[in-house]
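**Q** let's see this in three dimensions:
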Amino acid sequence: MRRPLAAVLVPVVAAGILAVASAGPPGPALAASDPALALWYDEPATDWETRSLPIGNGAMGASAFGGIQSERLQYNEKTLWTGGPGDGNYNNGNWTSPRPTAIDDVQALIDSQQRVSPNTVASRLGGPRAGFGGYQNFGDIYLDMTGTPASVANYRRELDIAEATARVSYDTGGVTYRREFIASHPRNVIVTRLTASQAGRVSFVLRHVAPRTGATTTVSGDRITVRGTLSNNGLLYESQIRVILDGGSRTNSADRMTVSGATSATIILSAGTNYASTYPAYRGADPKPRVTAAVDGAAGQSWGALWSQHVTDYQALFNRVSLNVGGQMPNLPTDDLRSAYTGGASTADRALETLFFQYGRYLLISSSRAGSLPANLQGVWNNSNSPPWSADYHVNINLQMNYWPAEITNLAETTAPLFDYIDALRPPGRVSAQNIYNSPGWVVHNETTPWGYTGVHDWPTSFWFPEAGAWLAQHLYDHYLFTRDVAFLRDRAYPVMRELVQFWVANLHTDPRDNRLVVSPSYSPENGDFTAGAAMSQQIVWELLSNTIQASSTLGLDAGARPQWQSTLDRLDPGLRIGSWGQLQEWKGDWDSPTDTHRHVSHLFGLHPGRQISALTNANYANAARVSLNARGDGGTGWSKAWKINFWARLRDGDRAHKLLREQLTGSTLANLWDTHPPFQIDGNFGATSGITEMLLQSQVGVVDVLPALPSAWSNGAVRGLRARGNVTVDVEWANRSATRITLATGTSGNLTVRNPILATADVVDLTTGQPVAVTRNGPQVTFAAVAGRSYRATAASTPTTNLALNRPATADSSCATTEGPEKAVNGSVSGGWSDKWCSSGPSKWWRVDLGTATTVGRFVVRHAGAGGESAAFNTRDFDIQVSTNGSTWTTVASPRGNTANVSTHPVGPVSARYVRMNVLTPTTNAGELARVYEFEVYPS
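**A** Next comes the predicted model:
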């Protein structure tokens, strides 16, 4: 995501806000249904970006402010965009005059010089942005509350994400006033409900404020209609508001309604445009009929019925997953909860982390439902006609990151808008492939819009990214891997992938350095120069070719083309090189700087979201990725930190992943828990939810890997409903950072491989028959034949309580003088420990214990300085745990980094060891000093 901002305009589809009568079943409770799943505040919002509370139904979104004397509901509909056909200059980003040798010339320049500046390449391959447009603010509804004083009692504003309902309540003059807001997907409306504890006390003035000139507002009966065309492109838009009263009176004027003495009011809103996703015109029917039908259909329902339909629809998705990491939600406003958050050991911190995880799922459901455009840079919410980066679709990571949590957190339905959008990009993308590359297939570059902007522009560091289509296609193939839906693979995913392979077979370049096939020109977002074969480019194309070849084989299609695709893959540079300082190279040349802290870490695509790099299957590349990540540091903007959570989870380092989560919550999260780049950018919310899930479950290399990166802070907990590739739903319970029960519900028959330390010994029981199933066991990993529709469970034996290191002989690095001997770390007491803290920083210091005989070990517990009452600043931060059978050859089994826990637990193996060693690698947070270990404990499992 580049920093300079560019204005963009956006089209609109049907949506709605409603005022409904009081007949029917009672509405929801005054307070949140589950306090652990609510954002709440004791004051109104004063700022849209940081304080307003978002609701959405996919196509429409609204932000509620909760003002006392005047409520503001700012709303959006995702197709209201400027730009595109109709603005007079639109060309989909294609070249307006022939450049028959331009790409060849740039390739030759790169072959000759190796590195070419972005400005040089942009001047030859880019072009002025024309008709790009931007997402628009549809409007604001204000409810001026007649007779309400500026100060009231018992004020509360909340967003209940368990019920997708926003609420405001307060007391004044002996009356309790209440407002409720929902965005109904079944009805395609936004509904506002106003009630009071005494009959006849609801009075207000409703006025609509359009954020642009040219709109016509008419008031007739109980309906306000706002209609207009965007001056930029002629897009037709309309919203309607109906106000339905229980008692009282309504008085209309030219642009508002005045309601007096009602017992309740239900306000129903819907909105839409004449946008259609069809290339090249992108125009459909007048929105009036469907907006009218939505508003009138909802107006015929009671509030209770509307609310029940909405909650039933929403909870069918949201309730699939629950998470408990030891949190206890305090009675504290959410902004104060976030301000007090440290990521430490408190149950309040755990509660905020859980809420943040589920908030990401709430936001995805609210901004991505079937029939609408996909979630954009701000989801569906936008209060500006020139939003940051046009609130567009950046496809060099940001759109993709929006959908990282979709499959894994059991929200596969939310991908429907993304897949429809990918299909809509193909027709203009074919034109761009011909226009720019003279090539078959289709292409889309760095940034795009609902108007099929598949070409280029001229911002040097963000105009060129032809790999974007291949990255988008990964989501299609992943959907198949998660669901095993062969019909989807055949009918939706494979045609997209096949056409992209055609593009890349035609456009890969033979690198004169080694005759391998590379992407050229290639640019690593958004860092460095243009080169040939930047790591990210190669890894994305490798993923596309590998997935398409596998899909072709699965479907039995294109057997004649498959050998060519395989030959291309065999010649393709895979984008994996380990450089001179142990790093994974960002470029084909060894040009990485160990002081480069750029927020993009694009060359680790193969680690996440790709599958080339795995700590389980290729440790060398995983270690090189770790070196690169350490060099880049933990800084960055919100989405960047979120990506790093996923990286460290894939490296199986839960504590480092948790550290990034902590920093995202403290440094890149606003009071309403929206992520900030800055400014607000929703991909960080989605990336964090994905990263939390990756800490608990992974499946990218064909293994259902349970609790692969559980952080020390989450020592006890449970999760239900996560999804793994292979059509598997996973529930896990754990204690002391070890799984106690794993349940797997399988939707497809076939061999299933599962990994967790308890599986080294635990039976896998078929819950249908109650009998153990036959497994092939490989240490902590088992494979068995699963049957569709059945569930399987593994239960851990009682956790061993014998500390194998207790009072065993211990030694330490003699070059490090200490005031207390190494035996202090195995004497069963935290009153003293092996002290390394007076040593100067430098080479790593080691401490080791002799267990007496080779034995199977599976769990280590380190009690750091804070466990003994000393300052936690002396906790061991970065260390390796190593084992040996002979005392001379050592194997690293755990590599905690960035530890802040007073007591850290490290399940491994199980492995055989007589000697166990702890290597302290870097100083504590107290510069120049090392660590103090009060106890080091070793358990069989």
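**Q** use CA for all of it now, contacts and neighbours both
**A** OK.
**Q** quick one: S791 from A867, how far?
**A** Distance, S791 to A867, using CA to CA, to the nearest Å: 41 Å.
**Q** for R577, same thing?
**A** Counting by CA to CA - R577 and A867 are separated by 42 Å.
**Q** do H185 as well
**A** Counting by CA to CA, the gap from H185 to A867 is 51 Å.
**Q** the two: who's more crowded?
**A** A side-by-side neighbour count of H185 and A867, using other CA atoms under 10 Å, places H185 first with 24 against 20.
**Q** ok, now which ones touch the nearest residue to T347 once chain neighbours are set aside?
**A** What sits nearest to T347 in space, not counting adjacent residues and going by CA to CA, 6 or more residues apart in numbering, is G327, at 4.4 Å. Contacts for G327 (CA atoms under 8 Å, 6 or more residues apart in numbering) come out as 346-352, 354.
**Q** now those: which count as buried?
**A** By neighbour count, with 16 or more other CA atoms under 10 Å, the contacts of G327 hold 347-352, 354 as buried.
**Q** which members of those residues occur in helices, if any?
**A** 347-352, 354 (DSSP state H).
**Q** need these in JSON lines (columns: distance to R917).
**A** Shown next, in JSON lines, are these (distance: CA to CA, whole Å):
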{"residue": "T347", "distance to R917": "33"}
{"residue": "A348", "distance to R917": "35"}
{"residue": "D349", "distance to R917": "32"}
{"residue": "R350", "distance to R917": "32"}
{"residue": "A351", "distance to R917": "35"}
{"residue": "L352", "distance to R917": "36"}
{"residue": "T354", "distance to R917": "35"}
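**Q** closest one of the buried ones among the contacts of G327 to R725?
**A** T354 (23.4 Å; CA to CA).
**Q** quick one: pLDDT of the nearest residue to E77 once chain neighbours are set aside?
**A** Closest residue to E77 apart from its sequence neighbours, by CA to CA, 6+ apart: M60 at 4.4 Å. At M60, the predicted lDDT confidence score is 98.
**Q** F318 now?
**A** The predicted local confidence for F318 is 98.
**Q** what is the burial count for it?
**A** Neighbours around F318, by other CA under 10 Å: 23.
**Q** that one: what's it in contact with?
**A** Applying CA under 8 Å, 6+ apart, the residues contacting F318 are 162, 361-362, 365, 411.
**Q** show me where the stretch 401-550 of the chain has strands.
**A** 447-448, 509-510, 517-518, 522-524, 527-531 (DSSP state E, counting those that start in this stretch).
**Q** what residues does the first one touch?
**A** So that's strand 447-448. 392-396, 453-454, 462-463.
**Q** buried members of those into ChimeraX, please.
**A** Remark: buried members of the contacts of strand 447-448, expressed as a ChimeraX selection using 16+ other CA under 10 Å:
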select :392,393,394,395,396,453,454,462,463
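**Q** between the contacts of strand 447-448, which sits nearest R516?
**A** Proximity of those to R516 (CA to CA) peaks at N396, which lies at 24.3 Å.
**Q** in three-state terms, label the closest one for me.
**A** Three-state assignment for N396 (DSSP: H, G, I helix; E, B strand; the rest coil): coil.
**Q** so the residue lying closest to G234 once chain neighbours are set aside versus P280, what's the distance?
**A** For G234, ignoring the flanking residues on the chain, the nearest one in space by CA to CA, 6+ apart is G86 at 6.1 Å. Using CA to CA, we find G86 at a distance of 11 Å from P280.
**Q** repeat that for T195.
**A** For T195, the distance to P280 - CA to CA - is 48 Å.
**Q** which one's more surrounded, these two?
**A** Shown here are T195 and P280; by other CA under 10 Å, T195 has more neighbours (24 against 14).
**Q** my read is that one is in a strand, agree?
**A** Yes - under three-state DSSP, T195 falls within a strand.
**Q** run through the bridge partners of it.
**A** Residues in a beta bridge with T195, per DSSP bridges, are R178, S264.
**Q** and the pLDDT at W890?
**A** pLDDT, read off for W890, is 88.
**Q** which stretch of helix or strand covers the closest residue in space to R157 that isn't next to it in sequence?
**A** Excluding the flanking residues, the one nearest R157 by CA to CA, 6+ apart is V168, at 4.4 Å. Using DSSP states H and E, V168 maps to strand 165-172.
**Q** before we move on, what about N919?
**A** strand 903-920.
**Q** keeping just the C-alphas, turn the helix or strand following that strand into CSV.
**A** Tracing the chain past strand 903-920, the next element assigned as helix or strand by DSSP H and E is strand 932-939. Only the C-alpha atoms of strand 932-939 are listed here, as CSV (Å, rounded to 0.1, in the frame of the first residue of the first chain):
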residue,chain,number,x,y,z
ARG,A,932,18.2,-14.8,34.8
VAL,A,933,16.6,-18.3,34.8
TYR,A,934,15.0,-19.3,38.1
GLU,A,935,13.8,-22.7,37.0
PHE,A,936,14.2,-24.9,33.9
GLU,A,937,11.9,-27.9,34.0
VAL,A,938,11.7,-30.9,31.6
TYR,A,939,8.7,-33.2,31.2
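**Q** what sits up against stretch 515-524?
**A** Taking CA under 8 Å, 6+ apart as the rule, stretch 515-524 contacts 103, 106-107, 110, 464-465, 507-511, 529-538, 568, 571-573, 586-587, 602-603.
**Q** what about the helices in the stretch 701-850 of the chain?
**A** For the stretch 701-850 of the chain, no helices turn up when DSSP state H, counting those that start in this stretch is the criterion.
**Q** same check on the stretch 1-150 of the chain?
**A** Going by DSSP H, counting those that start in this stretch, the stretch 1-150 of the chain shows helices at 48-51, 102-113, 118-125.
**Q** wait, which of the ones you listed is closest to T885?
**A** Of the helices of the stretch 1-150 of the chain, nearest to T885 by CA to CA is helix 102-113, at 51.6 Å.
**Q** so which bits of the strand holding V168 are buried?
**A** Neighbour count says strand 165-172 has 165-171 buried, by 16+ other CA under 10 Å.
**Q** mind putting the residues you listed into TSV with pLDDT and distance to Y437?
**A** What follows is the buried residues of strand 165-172, written out as TSV (pLDDT from 0 to 100; distance: CA to CA, whole Å):
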residue	pLDDT	distance to Y437
T165	98	49
A166	98	50
R167	98	53
V168	98	56
S169	98	59
Y170	98	62
D171	98	66
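**Q** and F879, backbone torsions?
**A** The phi/psi pair for F879 (degrees, to the nearest 10) reads phi -150, psi 160.
**Q** beta-bridge partners for it, please?
**A** Under the criterion used (DSSP bridges), F879 bridges to V920.
**Q** what's the spacing between G821 and L73?
**A** 66 Å.
**Q** looking at those two, which is more packed in?
**A** L73 (24 against 15).
**Q** where does this protein dip in pLDDT?
**A** 1-31, 798-801, 814-819, 830-832, 835-844, 868-869, 909, 922-931, 941 (pLDDT under 70).
**Q** so where's the longest strand in it?
**A** strand 845-864 (DSSP state E).
**Q** show me what that strand is packed against.
**A** strand 810-812, strand 903-920, strand 932-939 (3 or more CA pairs under 8 Å, 6 or more residues apart in numbering; DSSP states H and E).
**Q** which of the residues in that strand are buried?
**A** So strand 845-864, judged by 16+ other CA under 10 Å, has buried residues 845-851, 855, 857-864.
**Q** ok, so of these, who is nearest A913?
**A** T855 (5.5 Å).
**Q** my guess is that closest one contacts R914. True?
**A** Yes - assessed by CA atoms under 8 Å, T855 is found in contact with R914 at 6.2 Å.
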